[in-house]
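# coords below, sequence missing:
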């Protein structure tokens with residue numbers, strides 16, 4: 001029996017967790033505790049006997065999210081629930097049923113779509129560069145999740161890719177599919193297509209799957225593609241026991257086939273669906289939420305986020321909470337140096353580097369920021385860069401720890417870990433400069449912290465086994481570093497202090513966002529970045545050599561929610577209305593409005 005699954009939930013969360021029979025749609029704004037609601041709802045269903053754990057499928061969009069969900073369910077005393085991604089669930093069903101249906105094992109999964117595209121290109125006399133091949137791979141993914149044939153693709157995307165006209169793109173896609181079939185392999189999207197096709201064509205398989213899984217929950221429902229939605233419908237059959245959770249304002253993968261209409265139109269497609277809104281935010285202070293709300297005012301499906309009193313500093317009046325700032329700079333280097341200086345000030349003021357993030361629209365913006373932070377002696381981790389367990393110093397340390405685990409230990413477990421890491425270069429204090437030496441030190445220090453945080457009685461062998469298990473599921477420890485990330489990579493994460501850089505036309509929204517729908521997606525990206533912040537938020541932009549202008553999103557946010565950077569500056573919005581954008585300042589840093 002688990003702990004009381006409804007304990008500690010607010011009224012709306014409790015309402016959602018108590019709605020055990022579908023159809024249910026939970027519209028959950030940023031920071032409102034959606035993962036908590038999902039896991040507590042499942043636990044409550046098991047506790048009350050409404051659910052059998054083995055017949056519950058909780059679908060997530062990442063392996064990490066699925067692992068987190070399983071961990072939270074274990075903490076509630078619930079085991080046996082299938083918490084998987086769409087792909088993991090589909091692949092498991094293919095591998096289980098394929099031998100019976102086809103008489104042999106399921107096809108293998110290709111590990112590199114671009115490499116196979118290169119081989120296919122050779123076969124049809126094409127020689128595209130790697131960047132073009134990557135773009136074609138993305139087009140294949142979009143086509144398949146949109147459930148379009150190659151012929152349909154030519155009509156839907158008539159402009160081609162790079163220097164390849166649409167006819168050549170179609171020829172390359174056909175050659176890719178032919179080569180894949182010859183090698184008896186499937187790609188990532190084929191797994192979903194093949195599983196859906198199997199369920200549609202084989203009534204016995206559909207019956208078996210629907211008998212196994214009776215209760216479905218889908219997280220991040222705003223990101224489902226037509227193919228994922230179709231597979232979900234096939235899993236569900238004519239039943240209605242479905243709970244979906246999502247936030248239309250965080251739809252940022254439309255370019256990859258995600259369609260928020262499945263979330264927004266859920267009540268129309270499932271008659272009698274119960275609609276529950278979660279709008280109490282437990283992450284961000286009120287001034288940050290005011291910026292987010294103004295940015296999304298009037299957008300389809302936008303929720304109005306309100307701060308939870310429990311999420312504010314005890315006893316601190318609302319007027320004392322930092323107002324988000326907007327600051328303009330002469331060029332990108334000035335912007336990066338000023339952000340680095342502010343980050344250093346925050347760390348010297350007691351902020352944990354792990355609670356600070358610098359966010360941007362595109363990877364290309366990171367180089368200047370990494371350099372500026374390194375010059376300031378600040379260690380960084382770039383999300384999407386090298387994985388922690390792939391770092392040479394981490395691999396070497398884990399190998400030595402595993403070797404040591406088979407021999408008798410004379411000292412304590414943590415002391416042994418510390419001695420091995422010291423032999424590899426871990427000192428009591430970090431190197432003063434940033435760069436590779438600091439990165440290696442932070443990685444070794446993270447391994448030591450994992451050892452120090454291990455449960456009492458842990459052996460060295462158990463510790464190394466845990467490290468190996470974490471590496472397999474990419475469960476990486478939080479380094480004591482400042483995080484740099486694109487807005488896409490930042491989704492689902494949170495920090496106390498967020499610096500959102502490059503809030504300028506051409507960067508956010510990005511230059512190739514030309515249609516209303518594309519610009520609206522950029523708006524949602526900005527919203528995701530803003531709502532990552534808990535305590536402080538700074539927005540910056542630089543004019544640069546291309547004479548950029550401040551983002552239209554800044555102009556849409558009211559003057560009462562943003563102030564211009566600088567101790568005695570006027571509101572950034574007010575200065576823009578008066579024709580004096582904050583980027584008119586000098587190279588030395590923030591641009592102050594006249595006193």
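Noted; the coordinates are in hand. What you see is a predicted model, and the numbers here were worked out from it, not measured in a lab. Numbering: from 1, shown residues only.

# List the residues that contact the residue nearest the centre of the chain.
Nearest residue to the geometric centre of the chain (C-alpha atoms, centre = their mean): residue 491, 3.6 Å. Residues near residue 491 by C-beta atoms under 8 Å, 6 or more residues apart in numbering: 250, 252, 528. Using the backbone N, CA and C atoms, a C-beta is placed for each residue, glycine as well.

# Pipe those residues into TSV and attach secondary structure and distance to residue 457 per row.
Formatted as TSV, the contacts of residue 491 follow (DSSP: H, G, I helix; E, B strand; the rest coil; distance: C-beta to C-beta, whole Å):
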residue	secondary structure	distance to residue 457
250	helix	42
252	coil	44
528	helix	41
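
# From those residues, pick the one nearest residue 513.
residue 252 (12.1 Å; C-beta to C-beta).

# Can you give me every residue that contacts the closest one?
Taking C-beta under 8 Å, 6+ apart, one finds 258, 487-488, 491, 521, 524-525, 528 in contact with residue 252.

# quick one: which of the residues you listed is nearest residue 341?
Using C-beta to C-beta, residue 487 comes nearest to residue 341 of these, at 22.8 Å.

# one step back: please flag which of the contacts of residue 252 sit within helices.
Taking DSSP state H, the ones among those that sit in helices are 487-488, 521, 524-525, 528.

# Out of those residues, which is nearest to residue 119?
Of all those, residue 119 sits closest to residue 488, with 29.2 Å by C-beta to C-beta.

# what's the neighbour count on the closest one?
With neighbours defined by other C-beta atoms under 10 Å, the count for residue 488 comes to 18.

# quick one: the nearest residue to it once chain neighbours are set aside and residue 220, what's the gap?
What sits nearest to residue 488 in space, not counting adjacent residues and going by C-beta to C-beta, 6 or more residues apart in numbering, is residue 252, at 6.2 Å. Using C-beta to C-beta, to the nearest Å, we find residue 252 at a distance of 11 Å from residue 220.

# before we move on, what about residue 441?
36 Å.

# try residue 160
Residue 160 is 32 Å from residue 220, by C-beta to C-beta.

# Which one's more surrounded, residue 441 and residue 220?
residue 220 (24 against 21).

# so what pLDDT did the more buried one get?
Per-residue confidence (pLDDT) for residue 220: 94.

# Would you agree it is in contact with residue 59?
No: assessed by C-beta atoms under 8 Å, residue 220 is found out of contact with residue 59, at 9.1 Å.

# Just the pLDDT for residue 434.
Residue 434 is assigned a pLDDT of 59 by the prediction.

# Could you do residue 421 as well?
On pLDDT, residue 421 comes in at 88.

# in which helix or strand would I find it?
Assigned by DSSP states H and E, residue 421 falls within helix 413-423.

# Tell me the spacing between residue 340 and residue 489.
From residue 340 to residue 489 the distance is 20 Å (C-beta to C-beta).

# More neighbours: those two, which one.
residue 340 (26 against 16).

# where does that one fall, helix, sheet strand or coil?
Using DSSP: H, G, I helix; E, B strand; the rest coil, the structure places residue 340 in helix.

# How about residue 484?
With three-state DSSP as the basis, residue 484 sits in strand.

# mind listing what residue 68 touches?
So residue 68 contacts residue 35 (C-beta under 8 Å, 6+ apart).

# and after the strand or helix carrying it, which helix or strand comes next?
Using DSSP H and E, residue 68 sits in helix 63-75. Using DSSP H and E, the helix or strand that directly follows helix 63-75 along the chain is strand 82-85.

# So which bits of the helix or strand following that next one are buried?
Downstream of strand 82-85, the first helix or strand assigned by DSSP H and E is helix 86-102. Buried positions in helix 86-102, judged by neighbour count with 16 or more other C-beta atoms under 10 Å: 86-91, 93-94, 97-98.

# and residue 564, bridged to which residues?
In this entry, residue 564 is beta-bridged to residue 326, by DSSP bridges.

# looking at it, it is touching residue 324, isn't it?
No: Residue 564 lies out of contact with residue 324 (C-beta under 8 Å); the separation is 10.8 Å.

# So these two - more neighbours on which side?
Using other C-beta under 10 Å as the criterion, residue 564 and residue 324 rank with residue 564 on top: 26 against 23.

# nearest residue to residue 97 other than its sequence neighbours?
The shortest distance from residue 97 to any non-neighbouring residue, by C-beta to C-beta, 6+ apart, is to residue 205 (5.2 Å).

# can I assume that neighbour sits in a helix?
Yes: judged by three-state DSSP, residue 205 forms part of a helix.

# Count the neighbours of it for me.
Residue 205: 20 neighbours (other C-beta under 10 Å).

# Pull the contacting residues for it.
Residue 205 touches 93, 97, 101, 198-199, counting by C-beta under 8 Å, 6+ apart.

# Flag the least confident of these.
residue 101 (89).

# Just to check, that residue is in contact with residue 202?
Yes: using C-beta under 8 Å, residue 101 makes contact with residue 202 at a distance of 6.5 Å.

# Dump the contacts of residue 252 into JSON lines; add distance to residue 30 and pLDDT as well.
Compiled in JSON lines, those are given as follows (distance: C-beta to C-beta, whole Å; pLDDT from 0 to 100):
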{"residue": "258", "distance to residue 30": "17", "pLDDT": "91"}
{"residue": "487", "distance to residue 30": "13", "pLDDT": "95"}
{"residue": "488", "distance to residue 30": "15", "pLDDT": "93"}
{"residue": "491", "distance to residue 30": "9", "pLDDT": "93"}
{"residue": "521", "distance to residue 30": "16", "pLDDT": "94"}
{"residue": "524", "distance to residue 30": "11", "pLDDT": "95"}
{"residue": "525", "distance to residue 30": "13", "pLDDT": "96"}
{"residue": "528", "distance to residue 30": "8", "pLDDT": "96"}
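
# biggest separation within these, which pair?
Every pair of the contacts of residue 252 checked by C-beta to C-beta; the farthest is 258 and 487, at 15.0 Å.

# Contacts for stretch 293-305, please.
Stretch 293-305 is contacted by residues 27, 29-32, 247-249, 260, 263-264, 277-281, 284, 289, 292, 520, 523-524, 526-527, 530-531, 553, 556-558, 561 when judged by C-beta under 8 Å, 6+ apart.

# Could I get the buried residue list for that stretch?
Buried residues in stretch 293-305 (16+ other C-beta under 10 Å): 293-296, 301-303, 305.

# what do you get for stretch 466-476?
467, 470-471, 475-476.

# out of these, who's nearest residue 183?
Nearest to residue 183 among the buried residues of stretch 466-476, with distances taken as C-beta to C-beta, is residue 471, at 28.9 Å.

# From residue 235, how far off is the residue nearest to residue 97?
According to C-beta to C-beta, residue 205 stands 11 Å off from residue 235.

# what's the overlap in contacts for these two?
residue 199.

# pLDDT score assigned to residue 315?
48.

# now residue 104
On the pLDDT scale, residue 104 is placed at 88.

# show me where the stretch 301-450 of the chain has helices.
Assigned by DSSP state H, counting those that start in this stretch, the helices in the stretch 301-450 of the chain fall at 332-348, 366-375, 392-404, 413-423, 436-452.

# Next, residue 537: secondary structure please.
strand.

# and what of residue 502?
Following three-state DSSP, residue 502 is assigned to coil.

# Many thanks, have a good one.
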